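[1] Everything below, folded, please.
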Amino acid sequence: MNAQWRGRWNLGPRAHPNDGLLDVYEARLRLGDLAKVRARLHHGAHLPHPRIRERRVPAAQLEADRRLAVELDGERVGRASNLSVRLVPDALRVVV
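    Numbering: from 1, shown residues only. Below you'll find the predicted structure:
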């Protein structure tokens, strides 16, 4: 992710839209942990967690065992099991 919030969930408490880094999380949660983490998402208090690995990188190559839903800016854009993501800082300038 490249931003802190997804709806009401504070998924990336250290994420910032223009810091030049992607915040990548890999979670291998047990069923009991899943409910506890979900309850803390709106505060961003789910991190640190011993079963959630966090990386802050300019680019990432992700591979999954099966095809998963891919969302971009909150919109579902398809499904994939292999995904390459690269962040381009300052690629867009917005003037209001």
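[2] residues in contact with the helix or strand bottoming out on mean pLDDT in the chain?
    Taking mean pLDDT, DSSP states H and E as the measure, the helices and strands of the chain show their lowest mean at strand 5-6, namely a mean of 88. Contacts of strand 5-6 from elsewhere in the structure, counted by CB atoms under 8 Å, 6 or more residues apart in numbering, are 11-12, 74. Backbone N, C-alpha and C define where each C-beta goes, glycine included.
[3] could I get those residues as JSON lines with distance to residue 43 and neighbour count?
    Formatted as JSON lines, the entries for the contacts of strand 5-6 read as follows, by distance: CB to CB, whole Å; neighbours: other CB atoms under 10 Å:
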{"residue": "11", "distance to residue 43": "11", "neighbour count": "18"}
{"residue": "12", "distance to residue 43": "13", "neighbour count": "21"}
{"residue": "74", "distance to residue 43": "21", "neighbour count": "7"}
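[4] Now do the residue nearest to residue 37 when sequence neighbours are not counted against residue 30, distance only.
    When the adjacent residues along the chain are set aside, residue 37 lies closest to residue 46, with 4.5 Å between them (CB to CB, 6 or more residues apart in numbering). Using CB to CB, to the nearest Å, one gets 14 Å for the distance from residue 46 to residue 30.
[5] again with residue 66
    According to CB to CB, residue 66 stands 19 Å off from residue 30.
[6] just the strands in this structure please.
    Counting by DSSP state E, the chain has these strands, from start to end: 5-6, 9-10, 22-27, 52-57, 59-72, 75-86.
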